[in-house]
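**Student:** 3D, please:
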Amino acid sequence: MRFLILGGSGYLGSKIVNELAADKHYIVATKRVESNTDRVNSKNVLWIPAHTDAVKTAMLYEPEPFDWVLNMACNYGKSNMLYNNCIAANLLFPLEILNLAIEFGVCNYLTIGTSLPDEFNIYALSKNMLAKFGKFYADKHNINFVSLKLEMFYGPDEPVDRFLPSLVRKCKNNEVLNVTIGTQLRDIIAIQDVVQAIIHIINFGVKGYKEIPIGTGEAPSIREIVEFVHTETQSNSQICFGAIPMRPNEPDCVADISKLKEMGFSCQYSWKTGLQKMIQNIE
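**Tutor:** Coordinates of the predicted model:
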């Protein structure tokens, strides 16, 4: 099949690129100017700038339409980022590409969304807005639009500043752990299962507009997760629950995996076995 992948150099995007390239699919992927492609191990990927004009040019010169647009691009809207950067990455750019997809006869569009509610932060709001546009386009233009409501995912090679790899390294180094009270529930899913779920959904052939939650269906509390990692690493770290205040509107998150089950997919890792594997692979 022929894929256009937005955000192909990112953590999740690069793993999808690697998986599809290994299966000999044709791939065109976008990347920001400042991003590198070190995570991608295939040389058979055509890289283009993450700009609408570049994507339009690529579509003009393709001999036939792409089978899929996969939107892996995102901006988490952290404090050092302006909101407009977050909105541009999560909503405006992928929406412009959705317009082009319809113009150039692409029938399938998949986007990585979030299970977080709109009011939680600008990342969740912009991601959920794109899904609403996707439903409108699917209804009006007879395309297939898949919005994956993704839970917190993790892997041993993910950016070191993210919560779970940072937690593992601090435990292994016996550093003090300053965390929230930890009552919030989180469905955490191994990156390997996320990648396989996406590939499974692509091959399944979803029709129309579909929202598909992606998680394990289990929701341990952050406190349980911290204590589990602390025990598994045999850490001497002092755990200071409540040292960091809870964020406003902090939700509890657990995926309803019934749609995945109906499609014949199940995760390989539970939250505990996934974390154990992660711990083993972090120095």
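**Student:** wait, is P213 part of a strand?
**Tutor:** Yes: applying DSSP: H, G, I helix; E, B strand; the rest coil, one finds P213 inside a strand.
**Student:** Would you confirm that it contacts D256?
**Tutor:** Yes: assessed by CB atoms under 8 Å, P213 is found in contact with D256 at 5.1 Å. C-beta here means a position set from N, CA and C on the backbone, and glycine is covered the same way.
**Student:** Neighbour count: those two, which is higher?
**Tutor:** Higher neighbour count among P213 and D256: P213, with 21 against 14, using other CB atoms under 10 Å.
**Student:** How about the contacts made by the more buried one?
**Tutor:** By CB atoms under 8 Å, 6 or more residues apart in numbering, the residues touching P213 are 115, 148-149, 151, 255-257, 259-260.
**Student:** Just the buried residues of those residues.
**Tutor:** 115, 148-149, 151, 255, 257, 259-260 (16 or more other CB atoms under 10 Å).
**Student:** Relative to A255, how far out is M246?
**Tutor:** 22 Å (CB to CB, to the nearest Å).
**Student:** hang on, I meant L116
**Tutor:** Taking CB to CB, one finds L116 at 12 Å from A255.
**Student:** How about E158?
**Tutor:** Taken as CB to CB, the span from E158 to A255 is 19 Å.
**Student:** again with I202
**Tutor:** 19 Å.
**Student:** Equivalent analysis for P165, please.
**Tutor:** 21 Å.
**Student:** Okay, and N128 sits in which element?
**Tutor:** Taking DSSP states H and E as the criterion, N128 maps to helix 122-141.
**Student:** what angle sits between whichever helix or strand comes after that helix and helix 122-141?
**Tutor:** Where DSSP H and E defines the elements, the next helix or strand beyond helix 122-141 is strand 144-150. Strand 144-150 and helix 122-141 are oriented at 160 degrees to each other (axes from the mean of the first three to the mean of the last three CA atoms, to 10 degrees).
**Student:** Each with direction, which strands does the helix or strand just after strand 144-150 pair with?
**Tutor:** Going down the chain from strand 144-150, the next helix or strand is strand 152-154, by DSSP H and E. As defined by DSSP bridges, the strand partners of strand 152-154 come to strand 188-190 (parallel).
**Student:** Tell me who's in contact with A54.
**Tutor:** 30, 48.
**Student:** Confirm it sits in a strand?
**Tutor:** No: under three-state DSSP, A54 falls outside any strand and is assigned helix.
**Student:** Now tell me what touches the helix or strand L4 falls within from outside.
**Tutor:** Following DSSP H and E, one finds L4 within strand 2-6. Here strand 2-6 makes contact (CB under 8 Å, 6+ apart) with 13, 16-17, 20, 25-30, 50, 55, 58-59, 62, 64-73, 93-94, 97, 106.
**Student:** Pull out the buried residues from the very next helix or strand once past it.
**Tutor:** Next helix or strand after strand 2-6 toward the C-terminus (DSSP H and E): helix 11-22. Buried positions in helix 11-22, judged by neighbour count with 16+ other CB under 10 Å: 11-18, 20-21.
**Student:** residue ranges with poor pLDDT in the chain?
**Tutor:** For the chain, the stretches flagged by pLDDT under 70 are 78-84.
**Student:** ok, which stretches of it are strands?
**Tutor:** Along the chain, the segments classed as strands by DSSP state E run 2-6, 26-31, 45-49, 68-71, 108-114, 144-150, 152-154, 177-179, 188-190, 209-214, 239-241.
**Student:** Can you add distance to Y137 and give these back as CSV?
**Tutor:** Output for these, formatted as CSV (distance: least, CB to CB, whole Å):
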stretch, distance to Y137
strand 2-6, 16
strand 26-31, 20
strand 45-49, 23
strand 68-71, 12
strand 108-114, 8
strand 144-150, 6
strand 152-154, 26
strand 177-179, 41
strand 188-190, 28
strand 209-214, 8
strand 239-241, 45
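**Student:** Relative to Q276, which of those strands is closest?
**Tutor:** Closest to Q276 of the strands of the chain is strand 188-190 (CB to CB; 10.3 Å).
**Student:** what's in contact with the closest one?
**Tutor:** 150-155, 164, 214-216, 220, 225, 255, 267-269, 271, 274-275, 277-278.
**Student:** do the same with stretch 225-240
**Tutor:** By CB under 8 Å, 6+ apart, stretch 225-240 touches 164, 167-168, 170-179, 182, 186, 188, 220, 241, 271-272, 275-276, 279.
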